[in-house]
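Trainee: quick one: sequence plus predicted model below, questions after.
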Amino acid sequence: MNRLAFAGICAGLMFLPGALQAETLYVSNERGDSITVIDAASRAVVATWPVGGRPRGITVSKDGRYIYVCASADHAVQVIDRATGKVVADLPSGQDPEQFFLSRDGAMLFIANEDNAALTAVDLKTRTVAFQVDVGGEPEGVAQSPDSRWIAVTSEEDNVVNWIDSRSHEMIGETPTDLRPRHVEFTGDGKELWIAAEVGGTVQIADPATRKIVATLHFAIPGIPEHRILPCGIRFTPDGKTAIVALGRADHVALVDVATRKVRAYVPVGRRIWHLAVSADGAFAYTADGLSDQVSVIDLANARAVATVPTGAAPWGIAIAP
């Protein structure tokens, strides 16, 4: 075979389905004080990185160089070099950081501090606190709207979502929710904020324009007691058509049609599902099965779990990156 033909074959392989979908999962293990690194294509563990105490919220920097993880017991957000797996810095996160949101421009982390009831914004270039805003008790879920206007923060203790103006850094108002709101997620168009109320057993939808609840979603799984249905993590597929909702100790996720707000399927996975991630092509979801010490792989088109991957103790959050 001549070089030209060989080059043509190689070029063709680059554009085969899946060739551009090489992804890596980073799973925070709350009781393992570690991050499990998983190759999504082979579904194999490729590394385990030690980190600070009780790691929970986790994400990847915009440039792909770093992993950020909430080391809640150490009262820090740790910066991990993705190439080496080494902790290279601790950010000034405030007390007991649980979750955070990487700003839309990638310049800041918005961190929920559960113990001191505040949102702390850290400038990632200088690694210093840019501003801090007092919010309701036990803040956890954080999200910034797609237009960067709003930062929404849940208050589990007060049963509200706090709305912070990204420009003025002031809290503008509160939206009452069902019991113990744990997570918030804006739709891709920014027209809806989905709120997981864990103890309330619901997902509520707020209109950011009015900051009012416009819909409440309920879940019913045959054979599963209502008190075990504890919504937590929410992610949308890249096309925005499906919401995947982790239902905690119900040991299922719900696949919800965003347009109709109806559940189209319940998918059984491992035990105590907290958070999840979705592949870039929207084909798979990955759940952190906290009491099974594993990640479940869900085929979204067929609404079924097709594989599991072992993790450290009590996986809590998942970040996904090319």
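Mentor: Structure received. It should be emphasised that the depicted structure is a prediction, and the values quoted were computed from it without experimental measurement. Numbering: from 1, shown residues only.

Trainee: flag the shaky bits of this structure, pLDDT-wise.
Mentor: Judged by pLDDT under 70, the chain has its weakly predicted residues at 1-21.

Trainee: so which bits of stretch 83-92 are buried?
Mentor: Buried residues in stretch 83-92, counted by 16 or more other Cβ atoms under 10 Å: 85, 87, 91. C-beta coordinates here come from the backbone N, C-alpha and C atoms, glycine included.

Trainee: dump that stretch to PDB, keeping only the CA atoms.
Mentor: Provided in PDB are the C-alpha atoms of stretch 83-92 (Å, rounded to 0.1, in the frame of the first residue of the first chain):
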ATOM      1  CA  ALA A  83      -1.900  15.400  33.100                       C
ATOM      2  CA  THR A  84      -0.300  14.200  36.400                       C
ATOM      3  CA  GLY A  85      -3.200  13.700  38.800                       C
ATOM      4  CA  LYS A  86      -1.400  15.800  41.400                       C
ATOM      5  CA  VAL A  87      -3.000  18.500  43.600                       C
ATOM      6  CA  VAL A  88      -1.300  21.700  42.600                       C
ATOM      7  CA  ALA A  89      -3.300  24.300  44.700                       C
ATOM      8  CA  ASP A  90      -6.000  24.800  47.200                       C
ATOM      9  CA  LEU A  91      -8.500  27.500  46.500                       C
ATOM     10  CA  PRO A  92     -10.000  29.700  49.200                       C
END
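
Trainee: list the contacts of that stretch.
Mentor: When contacts are defined by Cβ atoms under 8 Å, 6 or more residues apart in numbering, stretch 83-92 is touched by residues 35, 37, 47, 49, 51-52, 65-66, 68, 71, 74, 76-81, 109, 111, 120, 122, 124, 127-129.

Trainee: repeat the analysis, applying 6 Å as the threshold.
Mentor: Counting contacts by Cβ atoms under 6 Å, 6 or more residues apart in numbering, the residues outside stretch 83-92 that touch it are 47, 49, 76-81, 122, 127, 129.

Trainee: follow-up on the earlier one: quick one: which of the buried residues of stretch 83-92 sit in strands?
Mentor: In this view, those that belong to strands under DSSP state E are 87, 91.

Trainee: so which of the contacts of stretch 83-92 belong to strands?
Mentor: 47, 49, 76-81, 122, 129.

Trainee: quick one, what contacts the residue lying closest to Leu247 once chain neighbours are set aside?
Mentor: Spatially, and ignoring its direct neighbours in sequence, Leu247 is nearest to Ile229 (5.4 Å; Cβ to Cβ, 6 or more residues apart in numbering). Taking Cβ under 6 Å, 6+ apart as the definition of contact, the neighbours of Ile229 are 201, 219, 247, 250.

Trainee: what do you get for His75?
Mentor: His75 makes contact with Gln95, according to Cβ under 6 Å, 6+ apart.

Trainee: element containing the residue lying closest to Thr311 once chain neighbours are set aside, please.
Mentor: Distances taken as Cβ to Cβ, 6+ apart put Thr36 closest to Thr311, at 4.3 Å, once the chain neighbours are dropped. In this structure, Thr36 is located in strand 34-39 according to DSSP states H and E.

Trainee: for the strand or helix carrying Gln99, which strands pair with it and how are they oriented?
Mentor: With secondary structure defined by DSSP H and E, Gln99 is part of strand 97-102. Strand 97-102 pairs in its sheet with strand 108-113 (antiparallel), by DSSP bridges.

Trainee: summarise which helices and strands the strand holding Thr36 is packed against.
Mentor: Packed against strand 34-39 by the contact rule (3 or more Cβ pairs under 6 Å, 6 or more residues apart in numbering; DSSP states H and E) you find strand 24-29, strand 44-50.

Trainee: want to throw the ones you listed into JSON lines with distance to Gln294 and mean neighbour count?
Mentor: Listed next are the helices and strands packed on strand 34-39 as JSON lines, based on distance: least, Cβ to Cβ, whole Å; neighbours: other Cβ atoms under 10 Å:
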{"stretch": "strand 24-29", "distance to Gln294": "9", "mean neighbour count": "26"}
{"stretch": "strand 44-50", "distance to Gln294": "11", "mean neighbour count": "14"}
